[in-house]
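Engineer: would you be able to build a 3D model of this:
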Amino acid sequence: MLKSCAFILCFLITIPFFAQPQWRALENPPGNLGRVDDIFFLNEYVGWAAYGPGSRVYKTEDGGLTWTLQLETPNSYLRNIEFLNENIGFLGTLDSDFYKTTDGGDTWELVTISPQPEALCGLAAAGPTTIYGCGAYFSPAWVIKSTDSGETWEYKDMSAYATKLVEVLFVDEQFGYAAGTATTGATILKTTDGGSTWTEIYNSGNPGEYVWKLQLINNNTTIFGSIESAIQGKLIKSFDSGATWETKNAPENSVQAVGFVSATKGWMGGHTTRIHETNDGGTTWTDTGVGFNLNRFVFINEALAYCSGYGVFKYYDVLGVSDFEEENPADALQILIAPMPIKDKLTIEIEFQHTDNLLIELYDITGKRLEQLTRDKIPSARKKTYTFNFNYPTGTYILDVHTNNGRRARTIVKQ
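Structural biologist: Numbers count the residues shown, from 1 in each chain. Presented below is the predicted three-dimensional model:
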């Protein structure tokens, strides 16, 4: 009897409890203290990362344990990366450069499109040989499409539907979505004919907001979206393919990444927060203590996922790994508004760390967008000063400074 008890005790000790998947930062992330804007995984092991400000592409073949540098493009900000298969892939930048590889990323060549997009914010494979792209977070709005693996391209002006586009997501070659912003608010567009015509299925009604990322689950009938805002970020969701929508508050204003594994369990994050988890469909959020400056979730299955941001983060079964906290990196973009309070002039000094794009927009204290003050293209690291006439009444306002690396809200006071 004693021997039997001892055997049972030993069995209970040596058989581990079922592990729960958790988010962890990869120990050897691609890049060097900068934002990995996008990642793409073919399967649980093989994936690529676009290191935005570092202008480099990396590949992993062991699930993110190690990364190999494949491409370096000085003075380009890399925004997105997408592959049709293990060989053919595409790389979009926030400049006019657009790249294609036919050997899994070992070599890349520039893609020429007429007209050539000024920047590319979204890419989406839609079949074995079909891929879509869109842009950009600054005007104008457009969609590109190739049905022959990137040999030839179609360009569609989308100004009739939106002012800026940042995301495309397709179910198949004909049925898909594009998202961004219109003059009336954050927007989602749907096409059922391969992009020839589009219909708006969502609008937030708040000018200046963007639908930044989209996700489909449950046989593509459930849609999740992140709304980036100067005031209050949102989670939007539809359980009927976009016919009706629910809205919940997101963990931060400048939220971008969104990813769910069910109708209730999912994660969001953005420029100033860690990965936040919800188990009640976005009514409440819990800080996981992992991640920063997040842009995209990629799900392999319900127990394995990756997230890009200030590093690369992995969701997987963890045994014997101690918890740890990450330090939030300092914001490299230096913004000085002086003097404060302002009178009839608004002067902003910004120190850029690399090639960049800039939008400066003005909101009132309630979050109503008043105007776009400037749109500027920054060719290299430099300090620039912007001065604007400020013909608004005495009061408090919000300045939204939007660059390749995020949105930053600053409160200003008119005397």
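
Engineer: residue 116 contacts residue 95, correct?
Structural biologist: No: at 10.5 Å, residue 116 does not count as touching residue 95 under the criterion of CB atoms under 8 Å. Quick note: C-beta positions are derived from backbone N, CA and C, even for glycine.

Engineer: who's more crowded, these two?
Structural biologist: Per other CB atoms under 10 Å, whichever of residue 116 and residue 95 has more neighbours is residue 95, with 23 against 12.

Engineer: secondary structure class for the more buried one?
Structural biologist: For residue 95, the assignment made with DSSP: H, G, I helix; E, B strand; the rest coil gives coil.

Engineer: ok so residue 29 is a strand residue?
Structural biologist: No: the assignment for residue 29, made by three-state DSSP, is coil rather than a strand.

Engineer: and it, how far from residue 313?
Structural biologist: Residue 29 sits 9 Å away from residue 313, going by CB to CB, to the nearest Å.

Engineer: which one of these two has more residues nearby?
Structural biologist: The neighbour comparison of residue 29 against residue 313 (other CB under 10 Å) goes to residue 313, with 30 against 22.

Engineer: in PDB, list the C-alpha atoms belonging to the one helix or strand that one maps to.
Structural biologist: Element membership for residue 313, per DSSP states H and E: strand 311-317. Extracted C-alpha coordinates of strand 311-317, given in PDB (Å, rounded to 0.1, in the frame of the first residue of the first chain):
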ATOM      1  CA  GLY A 311      10.600  44.100 -30.400                       C
ATOM      2  CA  VAL A 312       8.600  40.900 -31.300                       C
ATOM      3  CA  PHE A 313       6.400  39.200 -28.800                       C
ATOM      4  CA  LYS A 314       5.200  35.600 -28.800                       C
ATOM      5  CA  TYR A 315       2.100  34.000 -27.300                       C
ATOM      6  CA  TYR A 316       2.700  30.300 -26.400                       C
ATOM      7  CA  ASP A 317       2.700  27.700 -23.700                       C
END
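
Engineer: rounded mean pLDDT for that strand, please.
Structural biologist: In this model, strand 311-317 has an average pLDDT of 91.

Engineer: each with direction, which strands does that strand pair with?
Structural biologist: strand 21-25 (antiparallel), strand 304-309 (antiparallel) (DSSP bridges).

Engineer: pLDDT wise, what is the closest residue to residue 261 other than its chain neighbours at?
Structural biologist: Closest residue to residue 261 apart from its sequence neighbours, by CB to CB, 6 or more residues apart in numbering: residue 302 at 4.6 Å. With respect to pLDDT, residue 302 scores 90.

Engineer: hang on, residue 302 packs against residue 266?
Structural biologist: No: taking contacts as CB under 8 Å, residue 302 lies outside contact range of residue 266: 11.1 Å.

Engineer: who's more crowded, those two?
Structural biologist: Shown here are residue 302 and residue 266; by other CB under 10 Å, residue 266 has more neighbours (23 against 12).

Engineer: quick one, phi psi at that one?
Structural biologist: Main-chain torsions, residue 266, degrees, to the nearest 10: phi -170, psi -170.

Engineer: check the one 5 residues further on too.
Structural biologist: Reported as degrees, to the nearest 10, the phi and psi values for residue 271 are phi -70, psi -30.

Engineer: the one 10 residues further on now?
Structural biologist: Backbone torsions of residue 281, given as degrees, to the nearest 10, read phi 70, psi 20.

Engineer: could you measure from it over to residue 224?
Structural biologist: Applying CB to CB, the value for residue 281 to residue 224 is 10 Å.

Engineer: of the two, give the one with the bigger neighbour count.
Structural biologist: residue 224 (22 against 17).

Engineer: surely the more buried one touches residue 267?
Structural biologist: No: judged on CB under 8 Å, residue 224 makes no contact with residue 267 at a distance of 10.3 Å.

Engineer: quickly list what's touching both of these two.
Structural biologist: 258-260 (CB atoms under 8 Å, 6 or more residues apart in numbering).

Engineer: I'd like those as a markdown table, with distance to residue 250 appended.
Structural biologist: Below are those laid out as a markdown table (distance: CB to CB, whole Å):
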| residue | distance to residue 250 |
| --- | --- |
| 258 | 8 |
| 259 | 13 |
| 260 | 13 |
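
Engineer: of those residues, just the buried ones, PyMOL syntax please.
Structural biologist: Buried members of the shared contacts of residue 224 and residue 267, defined by 16 or more other CB atoms under 10 Å, are picked up in PyMOL with:
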select buried, resi 258+259+260
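
Engineer: what residue is smack in the middle of the chain?
Structural biologist: Residue closest to the average C-alpha location in the chain (CA atoms, centre = their mean): residue 295, at 3.2 Å.

Engineer: can you tell me how far the residue nearest to residue 261 sits from residue 196?
Structural biologist: Residue 302 is 35 Å from residue 196, where distance means CB to CB.

Engineer: who does residue 40 bridge with?
Structural biologist: Beta bridges link residue 40 to residue 48, judged by DSSP bridges.

Engineer: what about it, how many neighbours?
Structural biologist: Burial of residue 40 is recorded as 22 neighbouring residues (other CB under 10 Å).

Engineer: got the contact list for it?
Structural biologist: Here residue 40 is in contact with 47-48, 81-83, 89, 298 (CB under 8 Å, 6+ apart).

Engineer: change it to 10 Å
Structural biologist: Contact analysis of residue 40 by CB atoms under 10 Å, 6 or more residues apart in numbering lists 46-50, 80-83, 89-91, 123, 125, 296, 298, 306, 308.

Engineer: same question, residue 88
Structural biologist: Residue 88 makes contacts with 82, 100-104, 125, 128-129, 131, 149-150, as judged by CB under 10 Å, 6+ apart.

Engineer: please pick the buried ones from the residues you listed.
Structural biologist: Looking at the contacts of residue 88 with 16+ other CB under 10 Å, the buried ones turn out to be 82, 100-101, 104, 125, 129, 131, 149-150.

Engineer: I appreciate the help and will end here.
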